[in-house]
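> sequence plus the predicted model coming up.
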Amino acid sequence: MSAGLRWRGGLLAATLLFFGLWTAANFVSEEQREAAWYWPDEVMRLGLDLKGGIHWVLGVKLDVAIEHELDYLKGRLEEEFKEEGLAIERVGVEDRFLVIEVKEAGGLARARELTEETEVLEEAEDGAERVIRFHLSERWQREIRERGISQVLEVMRRRIDDPVHGIPDSVVTRQGADRILVQIPAGQMDRELARSLLKTNAFLEFKLVVDQAPSEALLKAKFPDGLPKEHEIVVEREPESDRIVNVYLVSERPNLTGEFLSDARVGFDRQQRPIVLFTFNAQGAETFGELTEKNVGKQLAIVLDNEVASAPAIRSRIGAHGQIEGRFTSQEAAHLANLLRSGALSVPVEIEEERTIGPALGADSIRRGAQASIVGMLLVVLFAGIYYRLSGLFASVALACNLIFIVGIMSMAQATLTLPGIAGVVLTIGMAIDGNVIIFERIREELLAGKLPRAAVQAGFKKVFWTIFDANLTTLITGVILFEFGTGPIKGFAVTLSIGIVTSVFAVLVLTRFLYSLYLGERRLTELSI
């Protein structure tokens, strides 16, 4: 055996041993992996359809988006009427209609002109004297609904797939016109914490504190003539007991909202208590700086979903960076940072369906998938051995090594194996033999042309290289596209397909050729069994 052949054989054996350890690690217990130094720490993960988990269907309240749009148009029209000096009795929203009542009948024509400029309102036919009623056009309602479901879907994906504290291997996808499907594998996150990720609106507001008291009754007692106009009461609760610890009087309109946040992270104060550090974008930093500079010594309530998270005193001007202090655990702080980072929901959602997928179904899927893989491989090996004899044996060895490479790479990358992923493995087995068939047929043609076995093998591999490379490259591009734009099971299929394509090309062009070289060696054969 030549030195070059020995080097190639040693390198291939080391590669096979390396990936073989990663593959075998999936079949030993966690205690055995920890006990022996040579076992890798991590193994391949199982998807929801194999491991089990939680399945939610969320209903998105898109009618609220219509109401929000009407409220926005109401405020916009009130400003325009005021600028025009138009005598308006009232502008209101009733039963999803925008109602405008003018003081003089002559003002109806001008009110209609101003509403027509919005290009989204259509007048209802049942208007009374000095009263006109409008509803949103069907086209605009469809656009608002589509925009609402898209925004909720994007926020949910950022929350669930958050790279820092999100849930790996989860599925977040649209289902129908007004529903979102969320699936989380078992053991990835506490059920209640996951539910709060789905249901929490996460609307953040910063409001200056006007007054405070230990209870709502004591606070109202300070204002015997009633609370000041355009002000409201918000409470601060103790997380463990849900007991009210403080009550604050703040303005209804926030001084700043969380829409200007660019980032949120978990940090720790001087006493090593968890806090949430946040960063504003440029516009938010400027507004926050002016707000804190003008109100040094006052309290600033940080309100999350109408409840106070903390109300620190402003000691100096604060720019782009700030922090939220509270009675947080590390997990709660990470959870809040994730919510703030992903953004607030524009419309509320509710859990319409919740069910647990047990691991028994997944175990059955794994068993059947393994059976399909074994049967498929045996049939391929049987065909190759009968039709191509010795060359078929080489192809079978390369095919077995290819499976070790696939499982080993997926284990190293901690990729997720799903039921469609098992289908990808089975498909890879069939595709892997295709390359060998092309090579064998080409070698057979070269032998029929009168070439000696060694020359025929060299010519066969050389002439089919670009054919195999091009065919697998186009399939690999398809797999990458499926991974980039697919979700859940589609990604699982794309992962195994893409890895299988790369390893198949390596097994066909490198392993099979090495076996031919090893067999031919220095012998001057005049015939080759193929």
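Received it, and whenever you're ready, just let me know what you need.
> buried set for the top helix by length along the chain?
What stands out as the longest helix in the chain, according to DSSP state H, is helix 453-485. For helix 453-485, a neighbour-count test (16 or more other Cβ atoms under 10 Å) marks 453-454, 456-461, 464, 468, 471-472, 475-476, 479, 482-483 as buried. (Each C-beta comes from the backbone N, C-alpha and C, glycine too.)
> report the secondary structure state of residue 428.
Put simply, residue 428 is helix when judged by DSSP: H, G, I helix; E, B strand; the rest coil.
> how about the contacts made by the nearest residue to it once chain neighbours are set aside?
In space, and not counting its chain neighbours, residue 428 is closest to residue 500: 3.1 Å by Cβ to Cβ, 6 or more residues apart in numbering. With contact set as Cβ atoms under 8 Å, 6 or more residues apart in numbering, residue 500 has these partners: 402, 406, 424-425, 427-428, 431-432.
> report the angle between the helix or strand containing residue 500 and helix 453-485.
Following DSSP states H and E, one finds residue 500 within helix 489-506. Here the directions of helix 489-506 and helix 453-485 differ by 160 degrees (axes from the mean of the first three to the mean of the last three Cα atoms, to 10 degrees).
> begin at 584, not 1, for the rest of this chat.
Noted, 584 is the first residue going forward, which turns the last one into helix 1072-1089.
> mean confidence (pLDDT) on helix 1072-1089, please.
Across helix 1072-1089, the average pLDDT comes to 86.
> what's the closest of the contacts of residue 1083 to residue 933?
Taking Cβ to Cβ as the measure, residue 933 lies nearest residue 1007 of these, at 36.0 Å.
> just the buried ones from the contacts of residue 1083, in PyMOL syntax?
The following PyMOL line selects those of those that are buried, judged by 16+ other Cβ under 10 Å:
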select buried, resi 985+989+1007+1008+1010+1011+1014+1015
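> among the contacts of residue 1083, which lie within helices?
Mapping the contacts of residue 1083 onto helices (DSSP H) picks out 985, 989, 1007-1008, 1010-1011, 1014-1015.
> distance to residue 969 for those residues - can I get that in a markdown table?
Shown next, in a markdown table, are these (distance: Cβ to Cβ, whole Å):
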| residue | distance to residue 969 |
| --- | --- |
| 985 | 20 |
| 989 | 25 |
| 1007 | 27 |
| 1008 | 24 |
| 1010 | 23 |
| 1011 | 22 |
| 1014 | 20 |
| 1015 | 18 |
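> what strands line up against the host helix or strand of residue 683, and which way round?
Using DSSP H and E, residue 683 sits in strand 680-685. Partners of strand 680-685 in the sheet, by DSSP bridges, are strand 671-677 (antiparallel), strand 714-719 (antiparallel).
> any buried residues in the last one, and which?
Yep, that's strand 714-719 we're talking about. Neighbour counts over strand 714-719 (16+ other Cβ under 10 Å) mark 715-719 as buried.
> ok, then the element right after the helix holding residue 1083?
Once helix 1072-1089 ends, the next helix or strand along the chain (criterion: DSSP H and E) is helix 1095-1103.
> where does the prediction get shaky in the stretch 584-733 of the chain?
Filtered on pLDDT under 70, the stretch 584-733 of the chain yields the residue ranges 584, 670, 686-691, 693, 697, 700-702, 708-712.
> give the other helices and strands that the host helix or strand of residue 956 contacts.
Applying DSSP H and E as the criterion places residue 956 in helix 942-971. Under the contact definition 3 or more Cβ pairs under 8 Å, 6 or more residues apart in numbering; DSSP states H and E, helix 942-971 sits against helix 631-634, helix 973-995, helix 1002-1031.
> okay, the ones you listed, which one's buried deepest?
Ranked by mean neighbour count, the helices and strands packed on helix 942-971 are led by helix 631-634 with a mean of 24 (mean count of other Cβ atoms under 10 Å).
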